[in-house]
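In: What would the 3D arrangement of this be:
(chains A and B)
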Amino acid sequence: LAKTTQPISMDSYEGQEVNITCSHNNIATNDYITWYQQFPSQGPRFIIQGYKTKVTNEVASLFIPADRKSSTLSLPRVSLSDTAVYYCLVGDPGFKTIFGAGTRLFVKA
Amino acid sequence: GAGVSQSPSNKVTEKGKDVELRCDPISGHTALYWYRQSLGQGLEFLIYFQGNSAPDKSGLPSDRFSAERTGGSVSTLTIQRTQQEDSAVYLCASSPPFRTSGTTGELFFGEGSRLTVL
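Out: Numbers count the residues shown, from 1 in each chain, chains lettered A, B, ... in the order given. So this is what the prediction gives:
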């Protein structure tokens, strides 16, 4: 399984764009990049998934360079309710899935 | 129900007792996962099932922990002779088949079972 490295914590202010970068140098051909969000006292929730280039949905964008050795989750115009832990996962979906330590995002007013 | 269901939601037990935690996955989901999360920590992988088989049990902390899945559906995580360090939230997740269903294979989590060992 590919090892992932992401910042332990980040601070932001309401209305700003937040970019969280994840490094995954030993990503394999079959691996996808998936991001989850976790609020206190809840299980993680899927945000977005991609294989290459750019993916966008109603809540976030995911940028993946051609070498796929890193990825960036972009949250546009964050609000206080976006304060959570964000996990970057790299692997073959449906198989063993490991969560790293995640990035704790604090959004301030 | 529509989501992953876990029971009990809270369990308080005495050191040395056995506990069983149950997970009802979403119907049709072939993969099922168990994780453990201590307060303020990340998710610790315990075990996952593909159907009724567990290809990887490497995350189980000790031989006091075991899990089974029957009928490709319900799973039970059993902890024997509980210790105080077993206190945590135990999260179960299920996911649909990835390559055959055109889905993302995303994990859907239950609300968790909070275990407190006194």
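
In: contacts and neighbour counts: CA atoms only from here.
Out: OK.

In: Enumerate the residues of chain A near chain B.
Out: A:42-46, A:49, A:93-102 (Cα under 8 Å from any Cα of the partner chain).

In: switch the cut-off to 10 Å
Out: Residues of chain A lying close to chain B (Cα under 10 Å from any Cα of the partner chain) are A:32, A:34-36, A:38, A:40-50, A:85, A:87, A:92-102.

In: quick one, what contacts the nearest residue to residue B:43 once chain neighbours are set aside?
Out: Distance criterion Cα to Cα, 6 or more residues apart in numbering or on different chains; nearest residue to residue B:43, sequence neighbours excluded, is residue B:37 at 4.9 Å. By Cα atoms under 10 Å, 6 or more residues apart in numbering or on different chains, the contact list for residue B:37 reads A:43, B:43-45, B:87-91, B:112, B:114.

In: and of the residues you listed, the nearest to residue A:16?
Out: Taking Cα to Cα as the measure, residue A:43 is the one of these closest to residue A:16, at 25.8 Å.

In: Can you tell me the closest non-neighbouring residue to that closest one?
Out: residue B:109 is the one closest to residue A:43 (Cα to Cα, 6+ apart), at 5.4 Å.

In: Find me the pLDDT at that neighbour, would you?
Out: You'll see residue B:109 listed with a pLDDT of 95.

In: Please name the residues that touch residue A:42.
Out: With the criterion set at Cα under 10 Å, 6+ apart, residue A:42 makes contact with B:89, B:91, B:109-112.

In: quick one: it from residue B:78, how far?
Out: 22 Å (Cα to Cα, to the nearest Å).

In: Over to residue A:54?
Out: 42 Å.

In: quick one, which of the two is more surrounded?
Out: residue B:78 (17 against 14; other Cα atoms under 10 Å in any protein chain shown).

In: So what's the gap between the helix or strand containing the more buried one and the chain middle?
Out: Using DSSP states H and E, the element containing residue B:78 is strand B:75-79. Taking Cα atoms, centre = their mean, to the nearest Å, one finds the center of strand B:75-79 at 7 Å from the center of the full chain.

In: Please apply the same query to stretch A:31-50.
Out: Taking mean C-alpha positions (Cα atoms, centre = their mean), stretch A:31-50 and its chain are 7 Å apart.

In: Next: stretch B:64-73.
Out: That offset, for stretch B:64-73, works out to 9 Å (Cα atoms, centre = their mean).

In: Poorly predicted segments of the chain, please.
Out: As the question left the chain open, I've gone with chain A. Residues of chain A meeting the criterion pLDDT under 70: A:1.

In: that answer is for a different chain, and I need it for chain B
Out: B:1, B:99-102.
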